[in-house]
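Visitor: The following block contains a protein sequence and its predicted model.
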Amino acid sequence: AKSENNSIVFTVSDTGFGIPEEDLDKVFTRFYRVKDDNTRTIHGTGLGLSIVKGLVDSHQGNISVQSKPGKGTIFTISLPIANN
(Lines give C-alpha, C1' and ligand atoms only; values in the text may rest on other atoms or scores of the structure.)
Protein backbone atom coordinates (compact mmCIF):
# COMPACT_ATOMS: atom_id res chain seq x y z
CA ALA A 1 0.00 0.00 0.00
CA LYS A 2 1.10 3.56 -0.60
CA SER A 3 -0.26 7.10 -0.42
CA GLU A 4 -0.78 8.71 -3.81
CA ASN A 5 -2.77 11.83 -4.83
CA ASN A 6 -4.98 11.97 -1.71
CA SER A 7 -5.68 8.23 -1.96
CA ILE A 8 -4.38 5.02 -0.49
CA VAL A 9 -3.43 2.61 -3.27
CA PHE A 10 -3.29 -1.13 -2.64
CA THR A 11 -1.71 -3.50 -5.14
CA VAL A 12 -2.18 -7.26 -5.02
CA SER A 13 -0.38 -9.46 -7.52
CA ASP A 14 0.19 -13.12 -8.23
CA THR A 15 2.13 -15.27 -10.66
CA GLY A 16 -0.76 -17.64 -11.36
CA PHE A 17 -2.58 -18.63 -14.53
CA GLY A 18 -3.47 -15.10 -15.53
CA ILE A 19 -6.76 -13.97 -17.03
CA PRO A 20 -7.39 -13.97 -20.79
CA GLU A 21 -7.90 -10.47 -22.23
CA GLU A 22 -11.46 -11.26 -23.31
CA ASP A 23 -12.41 -12.00 -19.69
CA LEU A 24 -10.83 -8.96 -18.01
CA ASP A 25 -13.90 -6.72 -18.35
CA LYS A 26 -16.12 -9.44 -16.85
CA VAL A 27 -14.22 -10.51 -13.72
CA PHE A 28 -16.07 -8.05 -11.45
CA THR A 29 -19.49 -9.32 -12.58
CA ARG A 30 -21.44 -11.36 -10.00
CA PHE A 31 -21.13 -15.11 -10.50
CA TYR A 32 -18.67 -14.74 -13.39
CA ARG A 33 -15.87 -17.29 -13.47
CA VAL A 34 -13.16 -17.65 -16.09
CA LYS A 35 -13.64 -21.04 -17.66
CA ASP A 36 -10.60 -22.67 -19.20
CA ASP A 37 -8.47 -25.78 -18.73
CA ASN A 38 -6.57 -24.18 -15.83
CA THR A 39 -9.63 -23.25 -13.78
CA ARG A 40 -12.17 -25.98 -14.49
CA THR A 41 -11.25 -27.94 -11.34
CA ILE A 42 -11.17 -24.89 -9.05
CA HIS A 43 -14.45 -24.46 -7.20
CA GLY A 44 -16.01 -21.14 -6.30
CA THR A 45 -19.09 -18.99 -6.69
CA GLY A 46 -17.70 -16.11 -8.71
CA LEU A 47 -18.73 -13.64 -6.01
CA GLY A 48 -15.38 -12.59 -4.49
CA LEU A 49 -14.32 -9.90 -6.94
CA SER A 50 -17.89 -8.62 -7.25
CA ILE A 51 -18.04 -8.15 -3.47
CA VAL A 52 -14.66 -6.38 -3.44
CA LYS A 53 -15.78 -4.06 -6.26
CA GLY A 54 -18.99 -3.27 -4.37
CA LEU A 55 -17.02 -2.34 -1.25
CA VAL A 56 -14.56 -0.23 -3.22
CA ASP A 57 -17.39 1.54 -5.07
CA SER A 58 -19.23 2.24 -1.80
CA HIS A 59 -16.13 4.11 -0.59
CA GLN A 60 -15.86 6.12 -3.86
CA GLY A 61 -12.76 4.18 -4.82
CA ASN A 62 -11.56 2.45 -7.95
CA ILE A 63 -10.42 -1.09 -8.72
CA SER A 64 -8.61 -2.21 -11.84
CA VAL A 65 -7.04 -5.40 -13.15
CA GLN A 66 -4.10 -6.16 -15.43
CA SER A 67 -3.27 -9.69 -16.46
CA LYS A 68 -1.33 -11.78 -18.92
CA PRO A 69 -2.11 -15.47 -19.35
CA GLY A 70 0.75 -17.53 -18.01
CA LYS A 71 2.27 -14.52 -16.23
CA GLY A 72 -0.18 -13.59 -13.47
CA THR A 73 -2.53 -10.83 -12.44
CA ILE A 74 -2.31 -7.45 -10.72
CA PHE A 75 -5.29 -5.86 -8.97
CA THR A 76 -5.02 -2.21 -7.96
CA ILE A 77 -7.44 -0.60 -5.49
CA SER A 78 -7.46 3.14 -4.87
CA LEU A 79 -9.47 4.56 -1.94
CA PRO A 80 -9.74 8.28 -1.19
CA ILE A 81 -8.26 9.48 2.08
CA ALA A 82 -11.03 10.90 4.29
CA ASN A 83 -10.70 14.52 5.37
CA ASN A 84 -11.48 14.91 9.07
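Guide: Done, it's in.

Visitor: Would you map the strands across the protein?
Guide: Across the chain, reading from the start of the chain, the strands by DSSP state E fall at 2-4, 7-14, 62-68, 72-80.

Visitor: The longest one pairs with which strands, and in what direction?
Guide: Strand 72-80 has the following strand partners under DSSP bridges: strand 7-14 (antiparallel), strand 62-68 (antiparallel).

Visitor: for that strand, what is the average pLDDT?
Guide: This predicted structure assigns strand 72-80 an average pLDDT of 97.

Visitor: Just checking the distance from that strand to the centre of its chain.
Guide: On the basis of Cα atoms, centre = their mean, to the nearest Å, the separation between the geometric centre of strand 72-80 and that of its chain is 6 Å.

Visitor: if we can go back for a sec, can you list the strands of the chain in JSON lines and add mean neighbour count and distance to V27?
Guide: From N, CA and C alone the C-beta is placed, and that goes for glycine too. Putting these into JSON lines (neighbours: other Cβ atoms under 10 Å; distance: least, Cβ to Cβ, whole Å) gives the following:
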{"stretch": "strand 2-4", "mean neighbour count": "9", "distance to V27": "23"}
{"stretch": "strand 7-14", "mean neighbour count": "13", "distance to V27": "13"}
{"stretch": "strand 62-68", "mean neighbour count": "16", "distance to V27": "6"}
{"stretch": "strand 72-80", "mean neighbour count": "16", "distance to V27": "9"}
